[in-house]
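Visitor: Model the structure of this input:
(one chain, ligands or ions: 1)
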Amino acid sequence: MTDPEANSEDSADGESVVRRERFSGGPARAFLSSLSADERIFAADLAVDRAHVVMLTEQEIIGEDTAGEILAALDDVETDGHDALPDGEDVHEAIETAVINRVGPDGGRMHTARSRNDEVATCIRYRLRGGVLDLLETVVGARKQLLDVAAEHAETVMPGYTHLQPAQPTTVGHWLCSYESALARDTARLFDAYERINQSPLGGAAFAGTPFDVDRERTAELLGFDGLVENAMDGASARDFLVETTAATTALATTLSGLAEDMVTFANRGHVKVADEYSSTSSIMPQKKNPDTLELVRGRTGDTTAGLNGLLTTLKGLPRAYNRDLQRAGSHAYEAIDSVTASTEVAVGAVVTADWPAEKLEAAASEGFATATGVADRLAQSGIPFRTAHEIVARAGEHEDPGIDEIAAAVEAELGEPLDAVADRAAIEAALDPVESVRMRDSRGGPAPSAVGEHLDRARDSVSEDQTTLDERRASLAAAATRLDSEVSQYV
Ligand code: ARG
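Guide: As a prediction, the model looks like this:
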C-alpha cells in the first residue's frame with residue numbers, strides 16, 4: 001500500500017497560524033466573525049469533520065495514524081466545548097486550529113478536499129434538520145392534545161363567528177379540530193422541507209470539486225443524509241432549503257396567531273377562561289387578568305414573518321457560488337424554529353388548560369339569532385325554495401329575539417299559508433335551539449358531534465402516521481450517528 005501522505009506539500013509548519021494572522025487584525029475583525037453565532041453548529045461541525053476524516057482515510061487520502069490523531073483531537077475539542085475554541089473567523093477555522101494545536105501540522109490534513117463552503121452548507125443542513133424534527137415533535141404532540149380536548153368538547157356548543165359577528169352555533173370540539181387540521185398541513189409542509197434539507201453538499205469543496213478521489217456518498221451516509229446535492233456549485237450556493245423551512249415555519253406561526261387571536265377574543269367575551277399560568281396581570285389595575293401569553297404568540301409571528309422576509313432579501317440576486325452574505329442566512333431559520341417551537345407549546349398549553357363555561361357558551365350560541373340559518377335549512381328541507389326560506393327567516397329576524405310565533409307569522413306573510421301547512425312546526429322550533437342546530441349539521445366535516453367523532457378518528461390516524469414518519473426520521477439519524485461513532489472508534 002502506498003503511503004497516502006507521501007509527497008504532500010501542505011504540512012508546512014504553522015500554516016493555519018499564518019492564515020489566522022492574515023485575518024486576525026483590523027477593525028472589521030468582529031464584523032467578519034461568526035464564531036459566537038456558530039455555537040449552534042459546533043456539534044454539526046464536529047460530526048462533519050469526523051465523517052470527512054473517516055472517508056479520507058478509507059479513500060487512502062490520509063493515513064490511519066494521522067486520522068487517529070485528528071479524531072482524538074476532535075474528541076478533546078468536543079469535551080472542551082465551543083467556549084474553549086481558539087479565536088477564529090468561524091467555528092470551522094477555530095476547530096481546525098484547535099486540531100492543529102493538538103496534532104501539529106498533520107492536523108491540517110483534515111481540510112484536504114473540502115472548503116468551508118461545502119462544510120458550512122453541510123453543517124447548516126445537519127443542524128437544521130434536528131431543529132425541524134424537534135419542531136415537528138412539538139407540533140405532532142400539540143395536535144394530539146388538541147384532539148383529546150376536542151373529543152371532550154364535542155358537545156360543548158359555542159357561538160361561531162364570521163366577520164367577528166355571531167354566525168352559526170358550533171362546538172368547542174369543532175373549533176379545535178379546525179386548528180388541528182391546519183396544524184396537520186403545517187406538519188406536512190415541514191416534512192416536505194425536511195426532504196430537501198437532508199441532502200449532502202459535502203465533498204463539493206469551494207464550488208468546483210476536487211482532484212482527490214472523495215467518496216461523497218460515504219460522507220452522506222455517515223452523516224445520515226438521504227442523498228447528495230450533486231452539483232458542487234449548487235451545493236455551495238443553495239440556501240433555498242432555508243427559505244422552504246422558514247416559510248413552512250412562518251405558515252405554522254400564522255396558524256398559531258389565528259388560534260391565539262380567537263382565544264383573545266373568546267376571553268374578551270367571557271367564552272373561555274385562560275388558566276392563571278397562561279395569564280398575566282396589571283401592575284396597577286388589581287382586577288386585571290390578561291391573556292398575555294396568547295398575545296405574545298400572536299406578536300411573535302411578526303418576528304418570524306420578518307425573518308422570512310430578511311432571509312429572502314439576503315438571498316435575492318446573490319451570484320454563484322459562495323458570497324459572505326450567506327453567513328447571515330442560517331440564523332433566520334434557526335430563530336424562526338426556536339421561536340415557533342416555543343409558541344406552539346405555549347399556545348396549545350393555553351388552550352388545553354383553559355376552562356370552557358358550557359352553560360354560558362350555549363346561551364351565547366343563540367345570541368344574534370345565530371340559529372337563523374338552521375331554521376331556513378329546515379324550511380327548505382320541507383320543500384320551500386332556499387331563497388324563499390331565507391326571506392322568511394330574515395323577516396322573522398326583524399323582531400327582537402324571534403321565536404316560533406314570529407317565524408309562523410313570517411311564513412304566512414311570505415307564502416299566504418300557515419306554518420303547519422308547509423313544514424313540520426316541531427322541527428322548525430327545534431332548529432331554534434343551538435344544541436339541535438349543531439346536531440342537525442352532520443354533513444362530513446360539520447360540527448354535529450357525530451361528524452366531529454368521525455373526523456376525530458381520521459385525524460387521530462393521520463397524527464399517528466405523522467408520528468411514525470417522525471420516529472423513522474429520528475431512527476435513521478440515530479443509526480447514522482452510531483455508525484459514525486463506530487467508524488471513528490476504529491482509528492482512535
Ligand atoms: N462562516 C462562513 C459562513 O457561515 C463559512 C464559510 C466561509 N467561506 C468563505 N469563503 N469565506 O458562511
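
Visitor: State the number of residues packed around the nearest residue to G235 once chain neighbours are set aside.
Guide: Once flanking residues are discounted, G235 sits nearest to P201: 2.9 Å by C-beta to C-beta, 6 or more residues apart in numbering. Any C-beta I mention is one placed from the backbone N, CA and C, and that applies to glycine too. Counted with other C-beta atoms under 10 Å, residues neighbouring P201 total 29.

Visitor: For the stretch 351-492 of the chain, which segments count as helices?
Guide: Read by DSSP state H, counting those that start in this stretch, the stretch 351-492 of the chain holds these helices, from start to end of the chain: 358-365, 372-381, 386-396, 404-415, 419-422, 425-431, 434-440, 449-489.

Visitor: Now mean neighbour count too, for those, in a markdown table please.
Guide: Putting these into a markdown table (neighbours: other C-beta atoms under 10 Å) gives the following:
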| stretch | mean neighbour count |
| --- | --- |
| helix 358-365 | 17 |
| helix 372-381 | 22 |
| helix 386-396 | 19 |
| helix 404-415 | 19 |
| helix 419-422 | 16 |
| helix 425-431 | 18 |
| helix 434-440 | 22 |
| helix 449-489 | 15 |
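
Visitor: out of those helices, which comes closest to the ligand?
Guide: helix 449-489 (22.2 Å; C-beta to the nearest ligand atom).

Visitor: Who are the packing partners of the closest one?
Guide: Counting contacts by 3 or more C-beta pairs under 8 Å, 6 or more residues apart in numbering; DSSP states H and E, helix 449-489 packs against helix 42-58, helix 116-152, helix 172-197, helix 216-222.

Visitor: and it, what's its mean pLDDT?
Guide: With pLDDT averaged residue by residue, helix 449-489 scores 98.

Visitor: Now find how far off-centre it is within its chain.
Guide: What separates the centre of helix 449-489 from the centre of its chain is 15 Å, taken as C-alpha atoms, centre = their mean, to the nearest Å.

Visitor: do stretch 323-339 as well
Guide: Chain-centre distance of stretch 323-339: 15 Å, with C-alpha atoms, centre = their mean.

Visitor: any residue of that stretch up close to the ligand?
Guide: Yes - using C-beta under 6 Å from any ligand atom, stretch 323-339 reaches the ligand at R324, L326, Q327.

Visitor: pLDDT score for the last one?
Guide: Spelled out, it's Q327. According to the prediction, Q327 has pLDDT 98.

Visitor: just P286 next, same as before
Guide: The predicted local confidence for P286 comes out at a pLDDT of 89.

Visitor: before we move on, back to that, and the residue nearest to G235, what does it touch?
Guide: With contact taken as C-beta atoms under 8 Å, 6 or more residues apart in numbering, P201 is in contact with D118, A121, T122, R125, L228, V229, A232, D234, G235, A236, A238.

Visitor: May I see the ChimeraX selection of the buried members of those?
Guide: Per 16 or more other C-beta atoms under 10 Å, the buried members of the contacts of P201 correspond to this ChimeraX selection:
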select :118,121,122,125,228,229,232,234,235,236,238
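
Visitor: Any chance of TSV for the contacts of P201, columns pLDDT?
Guide: Output for the contacts of P201, formatted as TSV (pLDDT from 0 to 100):
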residue	pLDDT
D118	98
A121	98
T122	98
R125	98
L228	98
V229	98
A232	98
D234	98
G235	98
A236	98
A238	98
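
Visitor: so P166 is in which element?
Guide: Element membership for P166, per DSSP states H and E: strand 165-171.

Visitor: per-residue confidence averaged over that strand?
Guide: The pLDDT scores in strand 165-171 average 96.

Visitor: At the geometric centre of this structure, which residue do we find?
Guide: T249 (4.2 Å; C-alpha atoms, centre = their mean).

Visitor: That residue contacts D134, correct?
Guide: No - in this structure, T249 sits apart from D134 without contact. The criterion is C-beta atoms under 8 Å, and the distance is 11.9 Å.

Visitor: Counting neighbours, show which residues of the strand or helix carrying R298 come out buried.
Guide: Using DSSP H and E, the secondary-structure element containing R298 is helix 292-315. Within helix 292-315, the residues that count as buried by 16+ other C-beta under 10 Å are 292-294, 296-298, 300-301, 303-305, 307-308, 310-311, 314-315.

Visitor: touching the ligand at all, that helix?
Guide: No - under the criterion of C-beta under 6 Å from any ligand atom, the ligand is not reached by helix 292-315; the shortest gap measures 11.5 Å.

Visitor: picking up where we left off before, intersection of neighbour lists for T249 and D134?
Guide: Taking C-beta under 8 Å, 6+ apart as the criterion, T249 and D134 both touch I337.

Visitor: backbone phi and psi for V274, please?
Guide: As for V274, its main-chain torsions (degrees, to the nearest 10) stand at phi -70, psi 140.

Visitor: Provide a list of residues in contact with it.
Guide: With C-beta under 8 Å, 6+ apart, V274 has these contacts: M263, A267, K289, P291, T293, L294, A350, T353, A354.
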